[in-house]
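K.L.:
Show me the folded form of this:
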Amino acid sequence: MTDIFVNLPITDLEQTRTFYTALGWEINPLFSDENAACIVVDTNIYLMLLTRDFLATFTDKTIIDTTTSVQAMTAFSRESRADVDALMEKGLAAGGTAPRGAQDYGYMYSRDLEDPDGNILEFVYMDPAAAEQGPDAFMEQQNPEG
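P.N.:
Residues are numbered from 1 along each chain as shown. Sure, this is the predicted structure:
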């Protein structure tokens with residue numbers, strides 16, 4: 001079994017806790033304190049929200065300013081387009097922002113949400129047939145005339 005811990009720099013721990021719990025995710029108190037909040041996304045998937053100073057104790061590299069630079073975009077699959085939109089609306093209501101509009105590729109639908117610190121979360125729905133066949137084969141089946 002592999003657990004995935006995504007470490008994200010944050011500035012305001014309470015604001016960040018409120019934002020992520022508004023998405024419907026829980027905090028694991030065993031790994032949360034005045035420097036960090038462990039957000040349980042799903043079985044074996046966690047977001048470690050670390051104050052910038054605390055995150056800096058784990059690396060010798062510069063912690064980027066997430067309001068102006070992107071280190072990573074963390075994507076979460078959803079069960080449907082409606083699930084993508086619902087989670088996005090929860091995030092916007094909790095203080096997140098939408099850096100760009102929805103992306104609809106026919107086989108895949110995604111929306112990006114920035115948390116209050118500018119960390120980018122992507123919510124994605126992919127048609128199960130496209131995930132199984134690959135997007136090119138799926139789109140060819142949808143439009144065999146070309």
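K.L.:
For the chain, just list every one of the strands.
P.N.:
Using DSSP state E, the strands found in the chain span residues 4-10, 26-28, 36-42, 45-51, 73-77, 103-104, 108-114, 120-126.
K.L.:
and residue 65, which of those strands is closest to it?
P.N.:
strand 4-10 (8.9 Å; CB to CB). The way it works is simple: take the backbone N, C-alpha and C, and place the C-beta from them, glycine included.
K.L.:
buried ones in the closest one?
P.N.:
8, 9, 10 (16 or more other CB atoms under 10 Å).
K.L.:
so what does the lengthiest helix in the chain touch, helix or strand wise?
P.N.:
Criterion DSSP state H: the longest helix present in the chain is helix 81-93. If contacts are counted by 3 or more CB pairs under 8 Å, 6 or more residues apart in numbering; DSSP states H and E, helix 81-93 sits against helix 13-22, strand 108-114, strand 120-126.
K.L.:
contacts for the last one?
P.N.:
Surrounding strand 120-126, the residues in contact under the criterion CB atoms under 8 Å, 6 or more residues apart in numbering are 70, 72-81, 83-84, 87-88, 91, 99, 107-115.
K.L.:
which intervals of this protein have sub-threshold pLDDT?
P.N.:
Residue ranges of the chain with pLDDT under 70: 135, 137-139, 143-146.
K.L.:
mind giving me the domain ranges of it?
P.N.:
Split into domains by automatic domain parsing, the chain comes to 1-61, 70-146.
K.L.:
where does the residue minimising distance to the centre of the chain sit relative to residue 62, distance-wise?
P.N.:
Per CA atoms, centre = their mean, the C-alpha nearest to the average position across the chain is that of residue 121, at 2.7 Å. Relative to residue 62, residue 121 is positioned 23 Å away (CB to CB, to the nearest Å).
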